[in-house]
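[1] Next input, structure requested:
(one chain, ligands or ions: 1)
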Amino acid sequence: MVIVAHPDDAEFTVAGTVAAWAKAGCRVTYVVCTDGNAGSHEPGMTRQKLAEIRRAEQRAACDILGVSEVVFLGYDDGQLQPTLELRRDLVRLIRRYKPEVVITGDPTRVFWDDKYINHPDHRAAAQAAVDAVAPASELPLLWPEVGAPHRVRQVYIHGNDQPNLGVEVTETIEQKIAALKQHASQMGAWDPTEMIKAWSAETGREKGLAYAESYRVITLGPSDEADSQ
Ligand SMILES: [Zn+2]
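    Residues are numbered from 1 along each chain as shown. Purely as a prediction, here's the structure:
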């Protein structure tokens, strides 16, 4: 299960991994918290129209990657907060889809390389995601009305500055780029190919791979261990 704030977030970051896992037979579900309905400078655009466009773009991207399902939670773009309501929505989906792995961003990451401030929606979605995974999803007495407890085995955090895993995406990088290009409302005339290849090559170099995506992987212990703590 991939949990992100906006349509296109996963394509910019983790889609090479998603395509590789889907190709290997994994069932991948996307959870997109907002409709990205503030992401336009086009005159005459409305939030409703933009939401429809961006949902369709996200579905087209998912078709290219082999993603089985996309769930849109419909929160407003630019105003996402890691509320209990959002956490509970994510717990409901984790309990329904029972993922082994949740992929999300790094809720603590604010700056990159002195030239990028992370979108607060990205941090909010990531915070709600990790809080939904542990311990909320596995607690039988918390929100029993949204499903039976489920324990996620691993969380893959992208955008962390101390990654402990590089996933090779050499065979899926073209799929990633093709999926990203489906977000035409965000790309304009810009071709993201060069930037995605440069990022992935840089990440790969550190790991001895042609193209890679990197993660801080958190492996959660068996539940009896957690219960005794
Ligand atoms: Zn975003």
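
[2] so how many other residues sit close to residue 148?
    10 (other CB atoms under 10 Å). C-betas here are computed from N, CA, C, even on glycine.

[3] Now for it: which residues touch it?
    For residue 148, the contact set (CB atoms under 8 Å, 6 or more residues apart in numbering) comprises 95, 140.

[4] repeat that for 10 Å
    By CB atoms under 10 Å, 6 or more residues apart in numbering, residue 148 lies in contact with 95, 96, 98, 138, 140.

[5] That one and residue 55, how far apart?
    29 Å (CB to CB, to the nearest Å).

[6] so what secondary structure elements neighbour the helix ranked longest in the chain?
    Counting by DSSP state H, the longest helix found in the chain is helix 47-65. Counting contacts by 3 or more CB pairs under 10 Å, 6 or more residues apart in numbering; DSSP states H and E, helix 47-65 is packed against strand 2-4, helix 9-13, helix 15-23, strand 29-34, strand 69-75, helix 173-181, helix 184-187.

[7] let's see it at 7 Å
    The contact analysis (3 or more CB pairs under 7 Å, 6 or more residues apart in numbering; DSSP states H and E) places helix 47-65 against helix 15-23, strand 69-75, helix 173-181, helix 184-187.

[8] what angle sits between the first one and helix 47-65?
    For helix 15-23 against helix 47-65, the angle between stretch directions is 60 degrees (axes from the mean of the first three to the mean of the last three CA atoms, to 10 degrees).

[9] got the angle between helix 15-23 and strand 29-34?
    Using the same axes, to 10 degrees: helix 15-23 against strand 29-34 is 140 degrees.

[10] So residue 83 versus residue 10, what's the distance?
    22 Å.

[11] Was I right to think residue 216 contacts residue 166?
    No - Residue 216 is beyond contact range of residue 166, at 11.3 Å (criterion: CB atoms under 7 Å).

[12] Need the phi and psi values for the closest residue to the ion within the chain.
    Closest to the ion within the chain is residue 6: 3.6 Å, counting by CB to the ion. Main-chain torsions, residue 6, degrees, to the nearest 10: phi -130, psi 150.

[13] need the helix or strand of this protein with the lowest average pLDDT.
    helix 223-227 (a mean of 55; mean pLDDT, DSSP states H and E).

[14] Kindly report the residues of the protein close to the ion.
    6, 9 (CB under 5 Å from the ion).

[15] Let me know how buried residue 117 is, in neighbour terms.
    Using other CB under 10 Å: residue 117 sits among 8 other residues.

[16] so who does it touch?
    Applying CB atoms under 7 Å, 6 or more residues apart in numbering to residue 117 gives the contacts 110, 111.
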